[in-house]
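S.K.: Sequence below, structure please.
(one chain, ligands or ions: 1)
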Amino acid sequence: MVAGAPAAGQQSPRRKLVVGNWKMNGDGASNAALLAALKAAPGGEAEVSVCVPAPYLHDVSKALHGSSIHWGAQDCSSHESGAFTGEVSAAMLAEFGCCHVIVGHSERRAMHGESDRLVAEKAAAALAHGLVPIVCVGETLAERDGGKTEAVVGRQLGAAVDLLAKRIDGIVVAYEPVWAIGTGKTASPAEAQSVHAFLRKLLADAGAASRTLRILYGGSVKADNATQLFAEADIDGGLIGGASLKAADFIAICQAAG
Ligand code: PEP
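M.R.: As a prediction, this is how the structure comes out:
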């Protein structure tokens, strides 16, 4: 993918953004092959990034250096440094040239008990070190069926709005309905657009630069549904899990974004 993307930490006004979330997958050889294929693909208008397991950041930064593809991590500590065994700080991620860091992914909220407040603190730590936090929000199936989607995502994003205040303009939001992650079930473009519009209004009401702040959709995005999702007015790209591990699929999704 061709060079010309903005420097780490900068955000273009509503330029589409496609981020791969590799989760806990990959090894040295498969990562190298995947990145070689991404680099060789023709670039488009969309900004592209891959969020990789922390032990691979060194290799990934070397492989992507000089390309237009950004890289990042899947979590960071809310703390600066100290006795936090197993944690990785935002400062460490910045040293590896990370542009993005995912915070508050539903897997971390569910499996590691991360609260809305902790997620907001992680976003603050990322911003303090020049990283763009991708703040994930999303409802479970029971919450959707109970008519609570807006209340849940509003509460989750509201914690970041409250803590970050003016700094909220530096984040990317990812709406990822929990019931659509890794399940093959995707929110319809209209369902996703409705939540994205709600989130953008919430940001506007809080005084954020809501017209420029990007809101990604995540949850079983594939090459064959990406075009329709990305065509919605408030969907500014995608956070891609499973399909980001297959070069042809991820490239097709990036191309669907422009
Ligand atoms: C994710 O985990 O962020 C995700 C969107 O996964 P998938 O695309 O596999 O549903």
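
S.K.: Now do the phi/psi pair for the residue of the chain positioned farthest from its centre.
M.R.: What lies farthest from the middle of the chain is residue 83; by Cα atoms, centre = their mean that is 27.7 Å. Note on residue 83: its backbone torsions stand at phi -80, psi 70 [degrees, to the nearest 10].

S.K.: Please work out how many residues are found near the spatially closest residue to residue 24 that is not a sequence neighbour.
M.R.: Nearest residue to residue 24 in three dimensions, chain neighbours excluded: residue 53, at 6.0 Å (Cβ to Cβ, 6 or more residues apart in numbering). Yep, even glycine has a C-beta here, placed from its N, CA and C like the rest. Here the number of neighbours of residue 53 (other Cβ atoms under 10 Å) works out to 16.

S.K.: what's the distance between residue 53 and residue 140?
M.R.: In this structure, residue 53 and residue 140 are 26 Å apart, going by Cβ to Cβ, to the nearest Å.

S.K.: Residue 167 too?
M.R.: According to Cβ to Cβ, residue 167 and residue 140 sit 29 Å apart.

S.K.: for residue 159, same thing?
M.R.: For residue 159, the distance to residue 140 - Cβ to Cβ - is 18 Å.

S.K.: try residue 181
M.R.: Note on residue 181: its distance to residue 140, by Cβ to Cβ, is 10 Å.

S.K.: Who has more neighbours out of those two?
M.R.: For residue 181 versus residue 140, the count of surrounding residues by other Cβ under 10 Å is larger for residue 181: 20 against 16.

S.K.: Count the neighbours of the nearest residue in space to the more buried one that is not next to it in sequence for me.
M.R.: Using Cβ to Cβ, 6+ apart and skipping the chain neighbours, the partner closest in space to residue 181 is residue 219 (5.1 Å). Using other Cβ under 10 Å, the number of residues around residue 219 comes to 26.

S.K.: Which residues of the protein lie near the ligand?
M.R.: Contact residues, the chain versus the ligand (Cβ under 6 Å from any ligand atom): 21, 176, 181-182, 218-221, 239-243.

S.K.: give me that answer again for 8 Å
M.R.: 21, 23, 102, 105-107, 136, 174, 176, 180-183, 218-221, 238-244 (Cβ under 8 Å from any ligand atom).

S.K.: Mind checking which of the residues you listed are in helices?
M.R.: 106-107 (DSSP state H).

S.K.: Restricted to strands, list the residues of the chain next to the ligand.
M.R.: 21, 102, 136, 174, 218, 238-240 (DSSP state E).

S.K.: returning to that earlier point: whichever of the residues of the chain next to the ligand end up buried, select them in ChimeraX.
M.R.: Entered in ChimeraX, the line below selects the buried ones among those, by 16 or more other Cβ atoms under 10 Å:
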select :21,23,102,105,106,107,136,174,176,180,181,218,219,220,221,238,239,240,241,242,243,244
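
S.K.: end-to-end on stretch 240-257?
M.R.: One end of stretch 240-257 sits 12 Å from the other (Cα to Cα, to the nearest Å).

S.K.: buried ones in that stretch?
M.R.: So for stretch 240-257, counting by 16+ other Cβ under 10 Å, buried means 240-245, 247, 249-257.

S.K.: of those, closest to the ligand?
M.R.: residue 241 (2.1 Å; Cβ to the nearest ligand atom).

S.K.: The closest residue to that closest one other than its chain neighbours: what's it in contact with?
M.R.: Leaving out its chain neighbours, the residue that sits closest to residue 241 by Cβ to Cβ, 6+ apart is residue 21, at 5.0 Å. Contacts for residue 21 (Cβ atoms under 8 Å, 6 or more residues apart in numbering) come out as 51, 74, 102, 105, 218, 239-241, 244.

S.K.: Equivalent analysis for residue 51, please.
M.R.: Shown in contact with residue 51 (Cβ under 8 Å, 6+ apart): 19-22, 71-74, 100-102, 134.

S.K.: Using a markdown table, lay out those residues together with pLDDT.
M.R.: Below are the contacts of residue 51 laid out as a markdown table (pLDDT from 0 to 100):
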| residue | pLDDT |
| --- | --- |
| 19 | 98 |
| 20 | 98 |
| 21 | 98 |
| 22 | 98 |
| 71 | 98 |
| 72 | 98 |
| 73 | 98 |
| 74 | 98 |
| 100 | 98 |
| 101 | 98 |
| 102 | 98 |
| 134 | 98 |
